[in-house]
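# how does the following fold in three dimensions:
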Amino acid sequence: MTRSLITGITGFAGSHLAEHLLKEGHEVYGLVRWRSPHHNILHIKDKIHLIEGDLMDMGSLFHALKVVRPDLIFHLAAQSYVVSSWKKPYKTIHVNTLGQLNLFEAVRALDLDPVIQLACSSEEYGLVYEHEVPIKETNPLRPLSPYGVSKVGQDLLGFQYHQTYGMKIIRTRAFNHTGPRRGHVFVTSNFAKQIVDIENGRQEPVILVGDLTSKRDFTDVRDTVRGYLLAVQKGRPGEVYNICSNTAYPIQYILDSLLQMSDVKVTTKQDPTRMRPSDVKILHGDNTKFKTETGWEPLIPFEQTLKDILDYWRQHG
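Next up is the predicted model:
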């Protein structure tokens, strides 16, 4: 049985990936910090193995890897909220880039040979010009946030450790992915939660918004994590792959679509705190390379994803 270790298993994508790996017959291990909330994995907790460790604590990381000795490592743990990266740039770069460096060094010190998937990000592309969309993996990286910079660091470290030490590292640049259990600070989930709060009388019929003109390429998280597994099964070590839908949606479209699924009548109000110091105006990816090499393609329609998010908040809001 394949032994798979997920860093960030208690997070949004990590919990969905754990579900998918269980369905595929993997023995699933998760690296968790003592303070990590477990609400995303309560329904599968008796089917997975949790082992305490911290990317910033080399001793605990070494111990966890020595115990698990994984065949596959899915490295998802990160400070993943772009807005927080402006408020906490040091922590973002420290955890995301140096934390991954610790993971690599622990693997080397134990002489392990797993296939490692790195959850990199479309935010690495940053400043993208109109003639460059849809964005291919060869596009220049011009990150516009400390988070984007930290992900470039992870990405290039993965390439360097593959080239230098022959480690079987595969980099996936996932574009925006969303679905049930997405944190309420992220736009699709935030809009859905506000709508549900209005439905239940907990919020005035005013939806607070940021920039509604930006365009993003959204994929259902359940399709994204299928891609993570296919990446380690069929991808080539040292390579980088976009995981995306090949479609960019204006943020306004997302809000309008969610409102069509509800009976509430609302107005919108721009919230200055939701405006970013420098924003990526468009992230529209090209998934040709990944589809060609792995056979992956998104299966869940975006409208279904939005409905599932809305229903999630109606159950858990």
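# pLDDT of the helix or strand where Phe159 lies, averaged?
Phe159 belongs to helix 146-165 when assigned by DSSP states H and E. What helix 146-165 shows for mean pLDDT is 98.
# cool, and stretch 208-219?
For stretch 208-219, mean pLDDT rounds to 94.
# got it, and stretch 253-270?
96.
# and it, how far out from the chain's middle?
25 Å (C-alpha atoms, centre = their mean, to the nearest Å).
# can you check stretch 105-125 too?
That offset, for stretch 105-125, works out to 15 Å (C-alpha atoms, centre = their mean).
# Val83 touches Val185, doesn't it?
Yes. Here Val83 lies in contact with Val185, judged by C-beta atoms under 8 Å, at a distance of 7.2 Å. The way it works is simple: take the backbone N, C-alpha and C, and place the C-beta from them, glycine included.
# of the two, which one has the most company?
Val83 (17 against 14; other C-beta atoms under 10 Å).
# surely the more buried one is within a helix?
Yes. Under DSSP: H, G, I helix; E, B strand; the rest coil, Val83 sits within a helix.
# roughly how far does it sit from Gly210?
9 Å (C-beta to C-beta, to the nearest Å).
# what does Gly166 give?
Applying C-beta to C-beta to Gly166 and Gly210 gives a distance of 44 Å.
# between those two, which one's more packed in?
Per other C-beta under 10 Å, whichever of Gly166 and Gly210 has more neighbours is Gly210, with 18 against 11.
# how many neighbours does the closest residue in space to Glu123 that isn't next to it in sequence have?
Using C-beta to C-beta, 6 or more residues apart in numbering and skipping residues adjacent in sequence, the residue nearest Glu123 is Gly148, 4.0 Å away. Residues near Gly148, counting by other C-beta under 10 Å, number 24.
# which residues touch Gly148?
82, 85, 121, 123-124, 126, 280 (C-beta atoms under 8 Å, 6 or more residues apart in numbering).
# in CSV: those residues, plus pLDDT, neighbour count and distance to Pro180.
Below are these laid out as CSV (pLDDT from 0 to 100; neighbours: other C-beta atoms under 10 Å; distance: C-beta to C-beta, whole Å):
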residue, pLDDT, neighbour count, distance to Pro180
Val82, 89, 21, 21
Ser85, 94, 24, 25
Ser121, 97, 25, 21
Glu123, 95, 25, 23
Glu124, 97, 24, 26
Gly126, 94, 21, 29
Val280, 77, 21, 25
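# just those residues now: which is nearest Leu229?
Using C-beta to C-beta, Ser121 is the member of these that lies nearest Leu229, at 18.4 Å.
# nearest residue to that closest one other than its sequence neighbours?
Lys151 (4.3 Å).
# that neighbour touches Tyr125, doesn't it?
No. Under the criterion of C-beta under 8 Å, Lys151 makes no contact with Tyr125, lying 10.0 Å away.
# one step back: and the next helix or strand after the helix holding Phe159, what does it pack onto?
Where DSSP H and E defines the elements, the next helix or strand beyond helix 146-165 is strand 168-174. Packing partners of strand 168-174 (3 or more C-beta pairs under 8 Å, 6 or more residues apart in numbering; DSSP states H and E): strand 115-121, helix 146-165, helix 221-234, strand 240-243.
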